[in-house]
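coordinates for the following, if possible.
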Amino acid sequence: MTSSTHTLELGPHALDVTVDVQGQEGRPFLLLHGGGGPQTVTPFAALLAEQRPARVLTPFHPGFGGTPRPEWLADVPALARVYARLLDALDLRDVTVVGNSIGGWIAAELALLGSERVGGVVLVNAVGLRVPGHPVADTFPLTP
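Okay, here's the model as predicted:
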């Protein structure tokens with residue numbers, strides 16, 4: 001696994017995004033982690049890169065893994081725009097975006113942006129999605 005940091009220009013702002021990469025050839029995957037951090041998806045990224053011809057990119061959401069999160073980056077749609085810019089900066093095409101938990105919400109928002117670089121989206125236990133007529137359940141008072 002290799003890590004790299006990419007400085008993205010987002011209008012008046014610049015942002016450094018750290019990305020772990022597993023595999024070097026094959027279909028590109030953008031793997032978006034949940035609230036537990038990037039280490040929660042690292043085993044899946046390794047398995048995917050090992051068993052398929054795939055290049056798996058796992059970015060650290062700003063604020064995770066010791067990375068800074070600027071004040072202007074305050075919601076999920078803004079983070080989706082960051083990842084759209086990352087795909088542009090890396091010139092990736094036909095990317096399968098896989099999002100787990102809050103990463104699923106980010107992936108859904110990224111899909112809504114309509115980027116031609118995204119070839120498919122997979123949501124795994126996604127949170128935060130709002131569907132008219134289907135209110136989000138308040139899980140806090142529920143027992144396991």
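
test my guess that residue 79 contacts residue 105.
No: using Cβ atoms under 8 Å, residue 79 is not in contact with residue 105; the gap is 9.1 Å. Glycine gets a C-beta too; all of them are placed from N, C-alpha and C.

which is the next helix or strand following the longest helix along the chain?
What stands out as the longest helix in the chain, according to DSSP state H, is helix 76-89. Counting by DSSP states H and E, the next helix or strand C-terminal to helix 76-89 is strand 95-100.

helices or strands next to that following strand in the packing?
Taking 3 or more Cβ pairs under 8 Å, 6 or more residues apart in numbering; DSSP states H and E as contact, the helices and strands that strand 95-100 lies on are strand 27-32, helix 102-112, strand 118-124.

what pairs with the first one, and is each one parallel or antiparallel?
When you say that, I think you mean strand 27-32. Counting by DSSP bridges, the strands paired with strand 27-32 are strand 54-59 (parallel), strand 95-100 (parallel).

and the first one, what's its mean pLDDT?
Which is strand 54-59. The average of the pLDDT scores along strand 54-59 is 96.

middle-most residue in the protein, spatially?
Central residue of the chain (Cα atoms, centre = their mean): residue 32, 2.9 Å from the mean position.

number of nearby residues for the closest residue to it other than its chain neighbours?
Distances taken as Cβ to Cβ, 6 or more residues apart in numbering place residue 103 nearest to residue 32, at 3.2 Å, with adjacent residues excluded. By other Cβ atoms under 10 Å, 30 other residues sit near residue 103.

ok, back up a step: make a markdown table out of the strands paired with strand 27-32 and add mean neighbour count.
Shown next, in a markdown table, are those (neighbours: other Cβ atoms under 10 Å):
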| stretch | mean neighbour count |
| --- | --- |
| strand 54-59 | 24 |
| strand 95-100 | 24 |
